[in-house]
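> Okay, structure incoming, though there's no sequence with it:
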Ligand SMILES: *[C@@H]1O[C@H](CO)[C@@H](O)[C@H](O)[C@H]1NC(C)=O
């Protein structure tokens, strides 16, 4: 077994030397399931404001619900540090907005993060650095990667570089595009990696996580770029859920043409924009223009979703089921 592994590593290394682009593959992590085969986790987005704008209240309530649901980990949909990401690995915002805010015992689990557009305004590489994990061992952040559990597989996607406006419109912000340029190559690699990872996945439930919206009635609305490039890949590969932040609200939109559900959890701190756009009521299951977070519980046959406000009220509940033996 061990020698096979060494041989595989050696072959991968050789291929990497010969075809560097072809081999770029998503980093894969394994997260164990509970003894009953289930997982549960919280989803929060758009949060890091040193506890202000009710970030601390959201965090406190996450701690309570996290304990009740006995969560296994937390998923962060990005915009981890406002306004301009981290200045470097020693930026005290890391402690002030993360370590010292999410202090509840139930939240001392892995946090699987993606980068949002605000994170790209600072030192993006700092958030990806293993040094942060030394400071707080919950912290896991990569650009695009996979977290596999026996019951569901998570595909984290770096969505910020897809958005044209950060490259074209007024330069009132600067973005850290190191390792993202040339952009065209980077984006096509992300799409290729996502598509092949999804195609190879035999997971019962497939969940894709990104910062930007695919479907949203919120302030920013639906990302055209993701609608063109990412959505067809999700539909072709029978993805069950797309989780995102970016719009500072809680939202659930279903599709009329597929089982795919669009879940926005962007209520981690500053919120209350009050500018929801019209959306087809047949698809719009839930919209809350305020602060809070989402919880998901997953078994082989069932998924439960709940959205909570800062008082712990359940704002919206939804569930889906699949047969134990699926035909596909
Ligand atoms: C904090 O939450 C309360 C209750 O939802 C809300 O009324 C208030 O406006 C929020 N404060 C801020 C600064 O967002």
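Yep, it's here. Note that the coordinates shown come from a computational prediction; the quantities given were computed from them, not determined experimentally.

> Which residue is the nearest non-sequential neighbour of residue 216?
residue 247 (4.8 Å; C-beta to C-beta, 6 or more residues apart in numbering). (Glycine included, C-beta is placed from N, CA and C.)

> where along the stretch 51-200 of the chain do the helices fall?
According to DSSP state H, counting those that start in this stretch, the stretch 51-200 of the chain carries its helices in the segments 55-68, 93-94, 124-128, 130-135, 165-168, 183-200.

> ok so, going back, helix/strand/coil for the residue nearest to residue 216?
Each residue gets one of three states, and residue 247 gets coil by DSSP: H, G, I helix; E, B strand; the rest coil.

> looking at it, it is touching residue 218, isn't it?
Yes: taking contacts as C-beta atoms under 8 Å, residue 247 lies within contact range of residue 218: 2.9 Å.

> Who has more neighbours out of those two?
Using other C-beta atoms under 10 Å as the criterion, residue 247 and residue 218 rank with residue 247 on top: 28 against 22.

> got a pLDDT number for residue 169?
According to the prediction, residue 169 has pLDDT 75.

> any idea how far residue 117 is from the residue in the chain positioned nearest to the ligand?
Going by C-beta to the nearest ligand atom, the ligand is nearest to residue 54 of the chain, at 3.9 Å. Distance, residue 54 to residue 117, using C-beta to C-beta, to the nearest Å: 21 Å.

> can you pull the contacts of the residue nearest to residue 216?
213, 216, 218-221, 264, 266 (C-beta atoms under 8 Å, 6 or more residues apart in numbering).

> Most neighbours out of those residues, which is it?
residue 266 leads the contacts of residue 247 on contacts (other C-beta under 10 Å) with 34 neighbours.

> Which residue is the nearest non-sequential neighbour of that one?
Here the residue nearest residue 266, using C-beta to C-beta, 6+ apart, is residue 245, at 3.7 Å.

> what about the one you found, how many neighbours?
Neighbours of residue 245 (other C-beta under 10 Å): 29.

> doesn't residue 211 make contact with it?
Yes: between residue 245 and residue 211 there is a contact at 5.5 Å, judged by C-beta under 8 Å.

> Could you tell me which residues touch both of those two?
Joint contacts of residue 245 and residue 211 (C-beta under 8 Å, 6+ apart) are 45, 77-79, 116.

> related to what we said a few turns ago, residue contacts, the residue nearest to the residue of the chain closest to the ligand when sequence neighbours are not counted?
For residue 54, ignoring the flanking residues on the chain, the nearest one in space by C-beta to C-beta, 6+ apart is residue 291 at 4.8 Å. Contact analysis of residue 291 by C-beta under 8 Å, 6+ apart lists 53-54, 57-58, 267-269, 271-272, 309-310.

> The chain against the ligand: which residues are in contact?
53-54, 272, 290-291, 310 (C-beta under 6 Å from any ligand atom).
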